[in-house]
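J.: task: produce atomic coordinates for the following.
(one chain, ligands or ions: 2)
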Amino acid sequence: MTSPVDPVKLDKLAEVAIKIGLQLQEGQDLVLTAPIAALPLVRLLTKHAYMAGAGLVTTFYADEECTLARYAHAPDVSFDRASGWLYEGMAKAFENGAARLAIAGDNPMLLSSQDPAKVARANRANSMAYKPALEKIANFEINWNIISYPNPSWAKLVFPDLPEEEAVARLADAIFAASRIDVADPVAAWKEHNANLARRSEWLNGRRFDALHFIGPGTDLKVGLADGHEWQGGAATAKNGIVCNPNIPTEEVFTTPHALKVEGHVSSTKPLSHQGTLIDDIRVRFEGGRIVEAKAGRGEDVLLKVLDTDEGARRLGEVALVPHSSPISASGVLFYNTLFDENASCHIALGQCYSNCFVNGGALTPDQVKAQGGNSSLIHIDWMIGSGEVDIDGINADGSRVPVMRRGEWA
Ligand code: ZN
Ligand code: ZN
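T.: Ligands and ions are numbered 1, 2, ... in the order given. Below is the predicted model:
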């Protein structure tokens with residue numbers, strides 16, 4: 001059977017991931033994680049990595065059937081366990097200079113019919129064990145990148161009415177289009193896209209707004225921005241000095257909100273797919289930066305468990321602006337995957353902030369980040385609050401306002 005995924009475009013995706021996503025350096029090691037279904041992409045990535053001079057490429061695979069076997073047959077105590085030894089090893093690899101590449105593409109609904117309490121326990125154990133490695137990524141100490149592969153189980157969720165092969169082909173095309181692989185010279189297209197995102201960030205950094213005010217159906221939210229916040233978007237320089245594009249695709253410019261200065265209420269505009277369950281129609285209210293009321297039309301029990309992960313889980317760690325006309329929004333495809341769906345619309349994230357989203361962020365200690373309003377948490381969960389009906393004002397320190405977005409587009 002020939003694969004429904006275009007091999008030429010898949011090769012270009014691998015090339016863009018290595019050259020633009022990671023800018024993998026000669027002699028640099030690479031740690032890869034992937035669903036086993038993404039093996040064709042892993043092989044191409046490994047080829048391009050070694051062609052770029054990689055020292056050693058090491059891949060860890062996961063499999064959906066094996067994950068389900070745990071939920072079906074593992075003893076209860078298993079759900080408080082995680083492979084800490086593996087994450088410690090990864091953290092060590094990163095300390096020693098390795099880059100990180102993750103292939104996303106698991107069926108986001110894989111765990112939707114499992115016991116939410118077990119899912120939450122397993123996620124919590126995993127988040128805690130992952131922390132030493134995740135901190136290196138979240139603090140941007142290394143060059144890292146995420147791309148996606150059209151796993152058949154994911155494709156069938158996105159295109160439920162199509163036969164599997166056709167669904168995979170359609171999802172592959174949607175991934176290639178969103179990832180700007182669908183053009184004659186994807187590497188050049190990414191350089192131009194990065195320049196455009198840098199212009200938006202520079203404008204916002206020049207403005208130094210105190211807060212952003214989101215107004216739309218079910219939304220009246222003032223998001224105070226952290227002291228010394230810095231907007232970022234597209235390519236960025238990791239602390240190891242390498243310029244990389246962590247997310248492919250990416251359409252957002254984003255920064256750090258003030259963990260104590262978020263007021264008002266906000267409604268989600270797209271479903272949130274969170275580690276195997278779908279949370280939809282979210283409505284929350286903030287007081288003093290903290291969520292004091294939370295409802296969801298679907299998946300409310302999971303949402304409430306997420307909010308109870310730790311103290312920082314009820315506060316914001318990111319605010320991001322994406323025009324409503326972004327290619328992902330224009331495609332009309334709901335990917336059930338944050339990497340894509342967050343780039344369809346403006347969003348906020350619960351939990352951990354990015355410490356590099358501060359002026360001179362690389363030099364700040366965790367205490368300084370906190371003092372400037374940066375949030376900390378085991379989680380970082382993006383959800384969509386933008387649409388063609390949402391307006392955004394920038395509020396200056398003196399209370400005056402500047403239109404930032406009107407009806408979902410840059411003003
Ligand atoms: Zn974001
Ligand atoms: Zn985020």
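
J.: quick one, what contacts the residue in the chain positioned nearest to ligand 1?
T.: Ligand 1 sits closest to residue 320 of the chain, with a gap of 3.9 Å, by CB to the ion. The way it works is simple: take the backbone N, C-alpha and C, and place the C-beta from them, glycine included. Each residue near residue 320 by CB atoms under 8 Å, 6 or more residues apart in numbering is listed here: 252, 253, 254, 255, 342, 346, 347, 348, 349, 382.

J.: what about 10 Å?
T.: 231-233, 250-255, 342-343, 345-349, 382, 384-386 (CB atoms under 10 Å, 6 or more residues apart in numbering).

J.: near ligand 1, from these?
T.: 252, 254, 342, 382 (CB under 5 Å from the ion).

J.: on the three-state scheme, the closest residue to the first one other than its chain neighbours is what?
T.: Of all residues beyond its chain neighbours, the one nearest residue 252 is residue 320 (4.2 Å), with distances taken as CB to CB, 6 or more residues apart in numbering. Secondary structure for residue 320, judged by DSSP: H, G, I helix; E, B strand; the rest coil, is strand.

J.: can you pull the pLDDT of residue 320?
T.: Note for residue 320: predicted pLDDT of 97.

J.: report the separation between it and residue 148.
T.: Using CB to CB, to the nearest Å, residue 320 is found at 19 Å from residue 148.

J.: what of residue 183?
T.: For residue 183 relative to residue 148 (CB to CB), the value is 18 Å.

J.: okay, the two: which has more neighbours?
T.: residue 148 (27 against 13; other CB atoms under 10 Å).

J.: ramachandran angles for the more buried one?
T.: Note on residue 148: backbone dihedrals following degrees, to the nearest 10 are phi -130, psi 150.

J.: cool, residue 401 as well?
T.: Per degrees, to the nearest 10, the backbone of residue 401 is at phi -120, psi 150.

J.: who does it form a beta bridge with?
T.: Residues in a beta bridge with residue 401, per DSSP bridges, are residue 395.

J.: so it makes contact with residue 395?
T.: Yes - taking contacts as CB atoms under 10 Å, residue 401 lies within contact range of residue 395: 5.7 Å.

J.: and for these two, which residues touch both?
T.: Common neighbours of residue 401 and residue 395 (CB under 10 Å, 6+ apart) are 209, 211, 213.

J.: okay, those residues in TSV with neighbour count and pLDDT next?
T.: Shown next, in TSV, are those (neighbours: other CB atoms under 10 Å; pLDDT from 0 to 100):
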residue	neighbour count	pLDDT
209	22	98
211	22	98
213	18	98
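
J.: in JSON lines: the residues you listed, plus distance to residue 237.
T.: What follows is the shared contacts of residue 401 and residue 395, written out as JSON lines (distance: CB to CB, whole Å):
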{"residue": "209", "distance to residue 237": "24"}
{"residue": "211", "distance to residue 237": "27"}
{"residue": "213", "distance to residue 237": "31"}
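
J.: which of those fall within strands?
T.: 211, 213 (DSSP state E).

J.: any chance of a markdown table for the shared contacts of residue 401 and residue 395, columns distance to ligand 2?
T.: Below are the shared contacts of residue 401 and residue 395 laid out as a markdown table (distance: CB to the ion, whole Å):
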| residue | distance to ligand 2 |
| --- | --- |
| 209 | 19 |
| 211 | 19 |
| 213 | 21 |
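
J.: list the residues that contact the spatially most central residue of the chain.
T.: Geometric centre of the chain, nearest residue: residue 339, 4.8 Å, by CA atoms, centre = their mean. By CB under 10 Å, 6+ apart, the contact set of residue 339 is 102, 104-105, 146-148, 175, 178-179, 247-250, 328, 382.

J.: residue 213 against residue 396, yeah?
T.: No - with contacts defined as CB under 10 Å, residue 213 does not count as touching residue 396, sitting 11.4 Å away.

J.: helix or strand: which one has residue 145?
T.: Here residue 145 sits within strand 144-148, counting by DSSP states H and E.

J.: tell me which other helices or strands the following helix or strand past that strand touches.
T.: Using DSSP H and E, the next helix or strand after strand 144-148 towards the C-terminus is helix 152-158. With contacts defined as 3 or more CB pairs under 10 Å, 6 or more residues apart in numbering; DSSP states H and E, the packing partners of helix 152-158 are helix 64-73, helix 164-178.
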